[in-house]
Structures are given as C-alpha cells and as structure tokens.
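**Q** My questions are about this predicted structure, shown below with the sequence.
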2 protein chains.
Amino acid sequence: MLRARHINAAVVSARRAVSSVAAAYYPSEPVAPNLVTESVPGPKSIEINDKLGKVFDNRASYFATDYYNSLGNYISDADGNQLLDVYCQISSIALGYNNPELFKTAQSKEMASALINRPALACFPLSDYAEILQQGILAAAPPGQNKVWTALSGSCANETAYKAAFMYQAAKKRGSMDFTDEELTSVMNNRAPGSPERVILSFDKGFHGRLFGSLSTTRSKAIHKLDIPAFNWPKAPFPALKYPLEEFVNENAEEEERCLIEFEKIVKSYPPDTIAAIIVEPVQSEGGDNHASATFFQGLRDLTLKHEILMIVDEVQTGVGASGKFWAHEHWNLTTPPDMVTFSKKFQAAGFYFSNPELQPNQPYRQFNTWCGDPSKALIARTIYQEVTKHNLVEKTAATGDYLYGKLKELFGKYGNKVFNLRGENFGTFIAWDCEGPSKRNELLAKMRAAGVNIGGCGDHSIRLRPTLVFENKHADLLIEALETSLKSL
Amino acid sequence: MLRARHINAAVVSARRAVSSVAAAYYPSEPVAPNLVTESVPGPKSIEINDKLGKVFDNRASYFATDYYNSLGNYISDADGNQLLDVYCQISSIALGYNNPELFKTAQSKEMASALINRPALACFPLSDYAEILQQGILAAAPPGQNKVWTALSGSCANETAYKAAFMYQAAKKRGSMDFTDEELTSVMNNRAPGSPERVILSFDKGFHGRLFGSLSTTRSKAIHKLDIPAFNWPKAPFPALKYPLEEFVNENAEEEERCLIEFEKIVKSYPPDTIAAIIVEPVQSEGGDNHASATFFQGLRDLTLKHEILMIVDEVQTGVGASGKFWAHEHWNLTTPPDMVTFSKKFQAAGFYFSNPELQPNQPYRQFNTWCGDPSKALIARTIYQEVTKHNLVEKTAATGDYLYGKLKELFGKYGNKVFNLRGENFGTFIAWDCEGPSKRNELLAKMRAAGVNIGGCGDHSIRLRPTLVFENKHADLLIEALETSLKSL
C-alpha cells in the first residue's frame, strides 16, 4: 500500500533561491518532503528496529535512518521517505546531512590518522593539535575565553568543568598550603576533607547531562533521574516568563527579580565557598525551551561575582549559531564573561572554554583521563567553524529565524487556542511553543511527521525547532505549510 | 648536537620472522628504535608542547607525537625519534600504528557517513547498526553476553553500567508497582526515595574512571580524587599477593580468603539491596597491576549471587586480547558469567555487555543520552575484532607473552635487587613488575626511553607492559635488551 506523496513540490520549487548556501552545498536537495509509506515508521523501519532491539535499547527510535540518502535539511528513512528535518539529531547537525566540505574532512589523511592512531591526547599530543584547536574550536571561542579542555560529550564537558570548579575553590581556600595528611587519607574513603562537601547549584528545569555529577544538576524530568543516586546539591528557581513578552513586561521583570532574590537567599544559606559554581543554560532546552532576559543573566553574573561563585554557561544545545549568535550567551552582553562555557552537539567535539589559568589545577594528572578529547571530532569542529564563518551562517540563521518567527506569529494568530507561548524572537531559529498538554503536543508531533516534517518536543507540552544552519526561508515556508495543515486537523 | 643511534639494528634484523603479522601489516616497520636527539623529548617536541600548553593542559605530555610516521609497534615523535612502544596510548592501540586494514575502514563510505552525519543513535539509528554491532562489538562479546549498550569512554561505560544496576535493583524491590508520588517529587530535589541511598562497592586500589560516579569507585591514588566531591560508597580490600606465586601458595590463598571474608562482612553491614553492584578489574591496572587468582574471583562471584548483588567486570584496560584471552575474565572460568562487562580503550568503542533483559530499564529514555555511542568507533571496533580473529592475535599474544615472561624471569634473576614481583605469567603480554620505589621506578622509565622504548608506570612503584597485539618475539627481544642495558646502569 505504498504511494508517493510529493508535498507541495510544485509550489515550493519556484521559491528556491539560487544564491542559497543550501542550494550550493546540496544541488540535489529535495524541494519538498516525500513520503512513500502510509505512515512513518514504515514497514522496513519497523523490521530493522525489531532486529536492532534484540541487542540494543532502541525503544526511543523514531525510524531506522538511511544516512546515505539524507541530504542537507532532509533526513531519509529505510523505507525511502524523505522528511524535512527540524530536529537534527537532537540539535546536533550544523551544516546539513552529507555536507560536501565535511565529506572532504572525513576523507582526509588527518582524519584517517586521528581515527586509527587515536591518541591519549594529554600524554602523546599530535604535533599539530594546537593548530587544529586554534583554527577551529578556539577560533570559535566565546568573547573572553582563550583556553579549552576537550571532552567527549555534553555530560563529560559539564562534569570536567565541575571538577575544574571544585579544584579551583579548594585551591583558593588552601592557598599555598600543601594537601594535608587528613585530606590524602580521607579522600581514599570518599570522605571530607579530601572529598569535600562542596556543591554545584543548578536551576529548576535545567538539563546538564545524565552521568552522576551532571545528572545531579539536571532537573528537567523525573524519568531522567529516578532510581539513580544523586548528590545533595541545591537548585534555584528559573524564571517562568509569560508570553507574548510585550504584554507582560512588568510581571516578567518581577518574576526574574523574584528568582534572583531567591537565588541569593539560597547562596547565603550555604557556608562561604561551599557552592563552587552555578551552571545555567541560555535557554533551558530539554526542560521546555525556557528563556530568560539578558537582565536576568546579568543579575546572575553580578551575584556570582559578589559571592565568589564560578559561573558555568552550558551551551551544549544552544551553541554554534542556532540562536543567531555563535554562542547564545552573547545575547546577554555580560560585562564580565562567564568563567567556563561548555559545548558539544553541533560542534561534535565537546569540552569547556575558560580563560583564567587558575582553572587548570596545580598539578598534572588531576584534570586528566585516557583520551582527553578526540582529534577526529576536533577536525570536524574545525571544518564546521570554517564553513559557518565563510558562509556567514550565523547571520543567515538570524535572518531566517526572524522570517520564520514572523510567519509563526501570524499562524499562531489563527490557531492561538491550540499553540501558544511562542518563544525565540530575535533568537535565530531557536524557536519553540507550547501545546495544550502532553497528549495534544504528541498528536501535533505525529501529524507533523505525517506531513513530512521530523520535529521534536521538549518539556511536558512544548515543541522545539532545531534545524541546521543551512535552513532557509524556503524550508521555513515548507515547515509553516505543514504546521498549518496539521493544526487544521488537530 | 643530533646524532643517529640505531640500537642493535644489525642484531635484531636477523631475527625478523617473515611469517609475522607485524611484518605482513608493516613491511617497513623499523627493525629497532632509532633516536636522533640527545634526549626525548627533543627540541621540536619541547617547542610544540610549549605552544600547545598555552591553550590546553598538556603537562602530562611525554613528547609531541608524529602519528603519520608512527608504524606498527613504533611511535615517532616530532623530532624524528622512533621508539618501540609498549605503552600504546595507555593500553589503547590494538593493531599497531597506521594499520592498513584500519586505514581502509577510515577511508570507507560507511566511516564518512558516520562522521559527518553523526546520529542520535537511540532515536535515529542507522539502518545497518545491528549488523555493525553483530559483526564486531557483539561478535566479540564475552561468554554469556548477547546485548550491548554503547557509550563513549571507559568512565561513561562504567557509569551507564552503574545506572543499569541501580534501576535494576530499584525495579526488583518495587515489583509491579508504579513510581510513587513521593519518588517523583523527591527525585527532583536529589533526595530519597526518588534518588535512593544505594551504592556501588569497589575495591581498594581499583580504577574505574574520573567522572563523578566512576571516580567515587576509583581508589587508585589520592591525586585522582582530591577536592572532588564523592558518593559515600564503600570499598573492600583487594588481595595483596606475594611473588613469586609458587613460593607463597598458602600465604596468598589465606590473603584471598581474608579479602573474601572482609568483603562479605562489608556486604552484611549494609541493609539488603543497598549495594546495587560491585565493580572489579581482572587486573587492577592503574592501581599497580594487582592480580588475584581465579579462585578469588569465583569466590567473589559466589558471594554476589548469594547476596543478590550485581557483578560488573571492568575490562576497559584488560579487554581485547592482551591477557592471552579476548577478555581477561575468561581466565576465571566462572560458572555464572558476570552481570555486566565494560569495555573501551583497545576497542575504541566503549560500553557494557549484558545478557539479562531486565538490565534494560522498564521505560525508554531512562538509559539514554544524545549520542548513545558513536558508529565511527563501532566501525573501528568491527575491523579490530575481524583482524584479531583472522590473524589469531589473541593466541599469538598468549605465545609472545609466554616468551617475554620467560625472558624477563631470566633477567630478573640477575637484577632481582632492582626489579621484582614479576606479574602476568600465562597472562599474555599483560605483564608488570615493581621497582624499589617511586623515584627508582621513574629513573628506570627514563632510562628505557633513552634506550628507545616508550613505556609506562602504574601504581606507586610499578612498571606495566601494554604493547599491541602484533608485538612479537623480535620486539620482546628488543625490549629485553633495552631493559638489561637500563638495569645495568640503574
């Protein structure tokens, strides 16, 4: 019962701008989604997933994916369906599928060597690692940052940043003293003073990863945390803003002020130097795409400086251009940069930026592990950075985001009872909205997939857009059309 | 002041066996170490490291490495020195540098796609992921294991195994009940019952990684743990055996019995079901290459079964052939396989094996993260497994290990006041010994490097051998010669 459904192909092909980066990268990119099975996942996807499920936990699978035939903004499945992708491997595809420049990088001599001679980077660094970093990850560093520690995932980027914060605060307190015998002994039993009682403070609804330290700071959903032991670390409230922002200016300012006051109250409830750092996302992504204003983040930065607490900004999901700035926290115009900024996802490489040399512990082998990152990912990150710069993809994403936001606002005027709290104005394509509840949200996600758009939820009842940086107005039009069709029948 | 020092090249070239796998893979492999600078690191290495040190913590660096000119069992540095490598990126190079079969894999269409279209594996699995796993990682699974969860490093392999253990024990206790409201609420505050007080038990001197959960089980050295908050998890003693084993049969049996008794005492001091799992290495590697007998591990397995505690075997360093078995715990001949076995390093891919389907939590998105592994590493692991099998590299490593162990035993007969406690008989090339103390150990490591051998320490005063699986008798001869030269002048 297969049939071809070319969705609006005729309508949209006319809109194709020849000067677009997507067209230059992907001359054969589909002009519209193309569904060939009654539903997604189709029969081949289901068969493949059944087989995979016998050896690997794939119960979260959307469909078995044909990456060879995915192209640009389109993801293909095992059945031959081609969907416009605005989820992009949970916000992780920067330049589109099968990007030709990344392909060159993948086929390079440097990549082959990095893959087959994988180094223990801190012991046997490759001779050109400094150049690879300086031309890529470090060239992209946020304002005020000039050093990096590389890791393998968002979770371990955050956890190594936490370790840096804990060692920094301990060193500050210890001064020039050496480790005491009591510290050296107690630490082997996981006890204070060697394993101190310090904490990382995070925010209600924040998500920072799923290993034991990062999970202790994650406050997104119970299902992420249940049954896993956690550190008794504190959380502070994150502002719950009301939308549209222009209608709730005073209320939102009060809400943010309330959160800052509460934050300082919590800080003061701990002995000095107990809170080593706070960690905060520019937009709480897994937690429901919760934004706060630059004023709030400036206030937070001021309080961390006042109380000598380090500030870690988690840009794992927000980083690398999608917000219309390379780093989302650049929207805040902080007078003092954050102490550390963590990254992963769209950069493939993971880790944290910093500038204060005292965030390097006093001895080697303290911030250390076998890999200390992965040069194959640093090579990918370099190409991503260079392509983003060459093609002004951050600026273009800002413009596409403005176009898309305007169209969505118009559409939501018509369907405001079904979709509301549109978020992400002047924030690139990093856009989200709420639905009436979890089941309505999931229904809308399913309808969007049936209309040929691969899209993801977040929080309990929100939908988030996470397209590539080569998502353009023509793709935005397709998204809007699919959304209108879906909303009509919701 | 550079001069060429071809070390024993004439002597050893005659020994080169044409049928060797190393010779087949690497027809141009050096016949001996070749040092061209007065000392290692040479001036170029130092210059490169100074530059790298400005942006990346490389204080643990041995030398800047020229991976393009490294070959087989030889590692090259930026100055053109070629060292016989028996450290191998902290035990992580399985088939030698620039292996031609791995190069083919690195240049394949599959690899390019895996690198540039990096999937969120649990949501959008590649269509052929089951095959890639089944032909590689899973084909290599230890006896009794038929499922895998993939991760990115040894630390996160262990931590995801801990999470599986915690969720398993909670589910066992909860039975068919649903999560309670109290669990759902308390977990968001990192409090019991949602974040339970359960623990992982590890062993004195064990090493299991450096993230917050894994570091809480790591008991190798204070410097690995200082200033980092830890869970109040227990440790049990690990046998301290005396060597040579044949001279201390009764004493060692008593020591192992003492440790088992102490282990059970600790277990009984906890309320039932509080200890979710134990984790243990077949050989405590970072902690000083501490071995225990099959009898000890069988005893441990019996006690875990008796007390319904899961047993996790950490094969991150011991796995993939070096011990003369593919998995070191195969030396134990357990009647009931371990519940989980973790891996990383030589396989590049990381994760844990298991067979009990109840180690998959009751809902999706509990054992979950963005990447859930990395198909580019799974492709590398597949080639490594296939080459190991094709060339009988495990059996060959067992034979080379026996040869090397015999030569070392002979040598240690002459220098028994300087090097002793030789360990690793009938254990492949996974061999180690002790020196008189930390400074003598470090002196010997430096002398070995000056003799053209790249070699690593472990524990406080031990030296460990971690060569590739294509390390052969001819390489063993070179190692022995360099060691004798170094010992003479120690």
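**A** Perfect, I can see it now.
**Q** Just checking the distance from stretch A:414-425 to the centre of its chain.
**A** Put simply, stretch A:414-425 sits 23 Å off its chain's centre (CA atoms, centre = their mean, to the nearest Å).
**Q** actually stretch A:445-462, not the one I typed
**A** Chain-centre distance of stretch A:445-462: 18 Å, with CA atoms, centre = their mean.
**Q** burial count for the residue nearest to A:H391 when sequence neighbours are not counted?
**A** Nearest residue to A:H391, sequence neighbours excluded (CB to CB, 6 or more residues apart in numbering or on different chains): A:V21, at 4.8 Å. For every residue, glycine as well, the C-beta is placed using N, CA and C. By the criterion of other CB atoms under 10 Å in any protein chain shown, A:V21 has 20 neighbours.
**Q** Could you report the pLDDT at the closest residue to A:N232 other than its chain neighbours?
**A** Once flanking residues are discounted, A:N232 sits nearest to B:N190: 5.6 Å by CB to CB, 6+ apart. Looking at B:N190, its pLDDT is 97.
**Q** With A:A322 instead?
**A** So A:A322 comes in at 98 (pLDDT).
**Q** That one - how many residues pack around it?
**A** A:A322 has 33 neighbours, counted by other CB under 10 Å.
**Q** Tell me if I'm right that A:F231 and A:R198 touch.
**A** No - the criterion here is CB atoms under 8 Å, and A:F231 misses it with A:R198 at 9.8 Å.
**Q** list residues touching both of these two?
**A** Shared contacts of A:F231 and A:R198 (CB atoms under 8 Å, 6 or more residues apart in numbering or on different chains): B:P229.
**Q** Touching, A:L102 and A:T383? I think so.
**A** Yes - contact status for A:L102 versus A:T383: in contact at 5.6 Å, counting by CB under 8 Å.
**Q** Roughly how far does the residue nearest to A:H391 sit from A:K396?
**A** Per CB to CB, to the nearest Å, A:V21 is found 7 Å from A:K396.
**Q** what residues do the two have in common as contacts?
**A** A:E472.
**Q** residues in contact with the residue nearest to A:H391?
**A** A:391, A:393, A:396, A:470, A:472.
**Q** For those residues, which entry has the maximal number of neighbours?
**A** Sorting the contacts of A:V21 by how many neighbours each has (other CB under 10 Å) puts A:V470 first, at 28 neighbours.
**Q** Not including adjacent chain positions, what is the nearest residue to that one?
**A** Using CB to CB, 6+ apart and skipping the chain neighbours, the partner closest in space to A:V470 is A:A22 (4.4 Å).
**Q** Next: A:E182.
**A** Nearest residue to A:E182, sequence neighbours excluded (CB to CB, 6+ apart): A:P193, at 6.0 Å.
**Q** shouldn't the one you found be in contact with A:T185?
**A** No - with contact defined as CB under 8 Å, A:P193 and A:T185 do not form a contacting pair (9.8 Å).
**Q** Compare the two and say which is more crowded by neighbours.
**A** Neighbour count, other CB under 10 Å: between A:P193 and A:T185, A:P193 has more, with 18 against 13.
**Q** quick one: that one is in a helix?
**A** No - counting by DSSP: H, G, I helix; E, B strand; the rest coil, A:P193 is not part of a helix but coil.
**Q** residues in contact with A:L469?
**A** A:94-95, A:320-322, A:346, A:388, A:393-394, A:396-397 are the contacts of A:L469 under CB under 8 Å, 6+ apart.
**Q** which one of those residues is nearest chain B?
**A** For the contacts of A:L469, the closest approach to chain B (CB to the nearest CB) belongs to A:L95, at 8.4 Å.
**Q** That closest one: what secondary structure?
**A** The local conformation at A:L95, judged by three-state DSSP, is coil.
**Q** re earlier: for the residue nearest to A:V470, what are phi and psi?
**A** phi -60, psi -40 (degrees, to the nearest 10).
**Q** per-residue pLDDT, it?
**A** With respect to pLDDT, A:A22 has a value of 92.
**Q** cool, A:R16 as well?
**A** As predicted, A:R16 sits at a pLDDT of 44.
**Q** got it, and A:N232?
**A** Confidence at A:N232, expressed as pLDDT, is 97.
**Q** Can you get me a residue count around it?
**A** With other CB under 10 Å as criterion, A:N232 counts 12.
**Q** Please verify my assumption that it contacts B:S186.
**A** No - with contact defined as CB under 8 Å, A:N232 does not count as touching B:S186 (11.4 Å).
**Q** show me what contacts A:I116?
**A** A:I116 neighbours (CB under 8 Å, 6+ apart): B:97-99, B:102-103, B:105-106, B:380.
**Q** out of the residues you listed, which touch chain A?
**A** B:97-99, B:102-103, B:105-106, B:380 (CB under 8 Å from any CB of the partner chain).
**Q** any idea which helix or strand carries the most centrally placed residue in chain A?
**A** Nearest residue to the geometric centre of chain A (CA atoms, centre = their mean): A:Q317, 0.7 Å. Using DSSP states H and E, A:Q317 falls within no helix or strand.
**Q** Now it: closest residue in space, sequence neighbours ignored.
**A** In space, A:Q317 comes closest to A:S285 once its chain neighbours are excluded; the distance is 4.2 Å by CB to CB, 6+ apart.
**Q** can you count the residues close to the one you found?
**A** Count around A:S285 with other CB under 10 Å applied: 27.
**Q** so it touches A:R464, yeah?
**A** Yes - in this structure A:S285 lies within contact range of A:R464 using CB under 8 Å: 6.8 Å.
**Q** returning to that earlier point: who's in contact with the residue nearest to A:V470?
**A** Contact analysis of A:A22 by CB under 8 Å, 6+ apart lists A:29, A:72-73, A:96, A:470-472, A:474-475.
**Q** ok, those residues vs chain B, which is closest?
**A** Using CB to the nearest CB, A:G96 comes nearest to chain B of these, at 9.4 Å.
**Q** State which one residue of the stretch 351-490 of chain A is found closest to chain B.
**A** In the stretch 351-490 of chain A, no residue comes nearer to chain B than A:P364, which is 3.6 Å away by CB to the nearest CB.
**Q** distance of that residue from B:I480?
**A** With distances taken as CB to CB, A:P364 is found 31 Å from B:I480.
**Q** thinking again about what came up before, which phi and psi does the residue nearest to A:Q317 have?
**A** Torsion angles, degrees, to the nearest 10, at A:S285: phi -80, psi -60.
**Q** Also the one 3 residues further on?
**A** The phi/psi pair for A:G288 (degrees, to the nearest 10) reads phi 120, psi 20.
**Q** one step back: quick one, which of the contacts of A:A22 are buried?
**A** Taking 16 or more other CB atoms under 10 Å in any protein chain shown as the criterion, what is buried in the contacts of A:A22 is A:29, A:72-73, A:96, A:470-472, A:474-475.
**Q** Identify the residue nearest A:R449 in space, chain neighbours excluded?
**A** Counting by CB to CB, 6+ apart, the residue nearest A:R449 is A:V40, at 5.3 Å.
**Q** got a list of what the residue lying closest to A:M448 once chain neighbours are set aside touches?
**A** Nearest non-adjacent residue to A:M448, counting by CB to CB, 6+ apart: A:I455, 4.8 Å away. Shown in contact with A:I455 (CB under 8 Å, 6+ apart): A:86-87, A:445, A:448-449, A:463, A:465.
**Q** Check A:K54 too.
**A** B:130, B:147.
**Q** low pLDDT regions in chain A?
**A** Scanning chain A for pLDDT under 70 picks out the ranges A:1-19.
**Q** All the strands of the stretch 301-450 of chain A, residue numbers only.
**A** With strands called from DSSP state E, counting those that start in this stretch, the stretch 301-450 of chain A shows them at A:310-314, A:340-343, A:350-354, A:419-423, A:432-435.
**Q** which of those strands is buried the deepest?
**A** strand A:340-343 (a mean of 30; mean count of other CB atoms under 10 Å in any protein chain shown).
**Q** Which strands or helices does that one pack on?
**A** helix A:154-174, strand A:310-314, strand A:350-354 (3 or more CB pairs under 8 Å, 6 or more residues apart in numbering or on different chains; DSSP states H and E).
**Q** Enumerate every residue touching A:M188.
**A** A:M188 neighbours (CB under 8 Å, 6+ apart): A:194, B:219, B:222, B:225.
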